[in-house]
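Undergrad: need a 3D model of the following:
(one chain, ligands or ions: 1)
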Amino acid sequence: MNKKVLMLFLAIASLGLVSCNSNDDETGIVIDGIDLTSDVDCCSAEEALQVYRFIQTVHIIPELSTSVDGKYDVWAYTKTGTLHRGYNDLYFVVTKKKSGNYVKNFNIKNVTPLMHMVKMDMWHSTPVGGSFEVFDTTRPAVKRGWVSLLMNTSDAGNWQFSYDIEVLGSKGGVEKQAINVEALPDGQDWLKNFKVGDDTYFLSLVNPSDWKTGTNTIQTYISKKSTPATTPYALATETFTIEIDPRMPDMGNHTSPDNVALTKQQDGSYTGTINLTMTGLWRIHLTVKDSKGNIVAGGDDLKDGFSSLYWDVTL
Ligand SMILES: [Cu+2]
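TA: Down below sits the predicted model:
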């Protein structure tokens, strides 16, 4: 009798072990009915889950999504699923058609937005960030880059978008795909330019829609217009400093304390601190200095005593 109990105990224990083992082998995480499994070309199940969670926070741009070699789906995203005038973060994710699993090793290259100016029958490109990279190692299958679109789509002109992608040895991309670029609402003006000699520079304010009342990090990129203008505009190699003077034009042009000028960072962006003490329209007057401290933009042509080079942000 004791033996039988022991045998039974062992049998149950081994069953337990077997089921433990099989649980360990199943690395999948099922969420919302989607089976996120680990994949040699990407991620652990946990990383796949992080990618999946990120995708829930952004929206697909169908025009910029494609497939490669019949094997991979390429998904392009922005926060809103649309593109607007000024700076736009652009995200890419690649999945295997067969399994739906994410792929980590892909490269986005030659990102080229082009605008056709109807009246002049002239084409120009726009500022584009250097390369598309992983920006959060907890989700290694999401790559981020940016474009800053000079104008919105209108009767004056329209945009097309091209890029190349390489996925695990397969090549593809999007060629001259028509895209719509929305205008920003009144009270929002996030892209300005200035000239130094014959060179034109663009100031792309990064995501001011994320700002809250109070102290915020303010970030911009400075890009230089290319020759020919159909080549995407790369970051300016020069080093500038951008002084900011935020004012509320609807409230007697009062300012705010504790603003810090934007200086160049290792990643090529410029960051500083802006303090917006209340909601409403803020006009952020800019003075741009070169590396020697000479004012190169925003110093003369003052309007009401303020620099006529400014971004508008409405909180
Ligand atoms: Cu244009």
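
Undergrad: strands along the stretch 151-300 of the chain, start to end?
TA: Taking DSSP state E, counting those that start in this stretch, the strands of the stretch 151-300 of the chain run over residues 157-167, 170-179, 181-182, 191-196, 199-205, 214-224, 241-247, 260-264, 270-276, 281-289, 295-297.

Undergrad: rebuild the ones you listed as TSV, extending it with distance to residue 31 and mean neighbour count.
TA: For every residue, glycine as well, the C-beta is placed using N, CA and C. Below are the strands of the stretch 151-300 of the chain laid out as TSV (distance: least, CB to CB, whole Å; neighbours: other CB atoms under 10 Å):
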stretch	distance to residue 31	mean neighbour count
strand 157-167	24	19
strand 170-179	28	15
strand 181-182	32	18
strand 191-196	38	17
strand 199-205	36	21
strand 214-224	32	20
strand 241-247	43	20
strand 260-264	40	17
strand 270-276	35	19
strand 281-289	41	21
strand 295-297	50	18
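
Undergrad: between those, which gets nearest to the ion?
TA: strand 157-167 (4.6 Å; CB to the ion).

Undergrad: what's the angle between that closest one and strand 170-179?
TA: 170 degrees (axes from the mean of the first three to the mean of the last three CA atoms, to 10 degrees).

Undergrad: show me the shaky parts of the stretch 1-150 of the chain.
TA: Scanning the stretch 1-150 of the chain with the threshold set as pLDDT under 70 gives 1-28, 33-35.

Undergrad: need the residues of it near the ion, please.
TA: Proximity of the stretch 1-150 of the chain to the ion is confined to 115, 117 under the rule CB under 5 Å from the ion.

Undergrad: mind telling me which residue of the stretch 1-150 of the chain is nearest the ion?
TA: Going by CB to the ion, the ion is nearest to residue 115 of the stretch 1-150 of the chain, at 4.1 Å.

Undergrad: so that residue touches residue 124, yeah?
TA: Yes: with contact defined as CB atoms under 8 Å, residue 115 reaches residue 124; the gap is 5.5 Å.

Undergrad: helices of this protein, start to end?
TA: 2-25, 45-55 (DSSP state H).

Undergrad: what residues does the shortest one touch?
TA: This points to helix 45-55. If you take CB atoms under 8 Å, 6 or more residues apart in numbering as the criterion, helix 45-55 is touched by 27-29, 31, 34, 36-39, 42-43, 75, 77, 91, 93, 101-102, 136, 138-142.

Undergrad: distance check, residue 166 against residue 284.
TA: 40 Å (CB to CB, to the nearest Å).

Undergrad: same deal with residue 244?
TA: Counting by CB to CB, the gap from residue 244 to residue 284 is 5 Å.

Undergrad: count of residues packed around residue 115?
TA: 23 (other CB atoms under 10 Å).

Undergrad: which non-adjacent residue is nearest residue 178?
TA: residue 160 (5.5 Å; CB to CB, 6 or more residues apart in numbering).

Undergrad: is that neighbour bridged to anything, and to what?
TA: Here residue 160 shows beta-bridge partners residue 114, residue 178, assigned using DSSP bridges.

Undergrad: hmm, residue 181 and it touching each other?
TA: No: Residue 160 is beyond contact range of residue 181, at 10.7 Å (criterion: CB under 8 Å).

Undergrad: just send the strands of the stretch 151-300 of the chain back as JSON lines, with mean pLDDT and distance to residue 253 too.
TA: Below are the strands of the stretch 151-300 of the chain laid out as JSON lines (pLDDT from 0 to 100; distance: least, CB to CB, whole Å):
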{"stretch": "strand 157-167", "mean pLDDT": "98", "distance to residue 253": "35"}
{"stretch": "strand 170-179", "mean pLDDT": "98", "distance to residue 253": "38"}
{"stretch": "strand 181-182", "mean pLDDT": "98", "distance to residue 253": "30"}
{"stretch": "strand 191-196", "mean pLDDT": "97", "distance to residue 253": "19"}
{"stretch": "strand 199-205", "mean pLDDT": "98", "distance to residue 253": "20"}
{"stretch": "strand 214-224", "mean pLDDT": "98", "distance to residue 253": "19"}
{"stretch": "strand 241-247", "mean pLDDT": "97", "distance to residue 253": "5"}
{"stretch": "strand 260-264", "mean pLDDT": "98", "distance to residue 253": "20"}
{"stretch": "strand 270-276", "mean pLDDT": "98", "distance to residue 253": "14"}
{"stretch": "strand 281-289", "mean pLDDT": "97", "distance to residue 253": "8"}
{"stretch": "strand 295-297", "mean pLDDT": "95", "distance to residue 253": "21"}
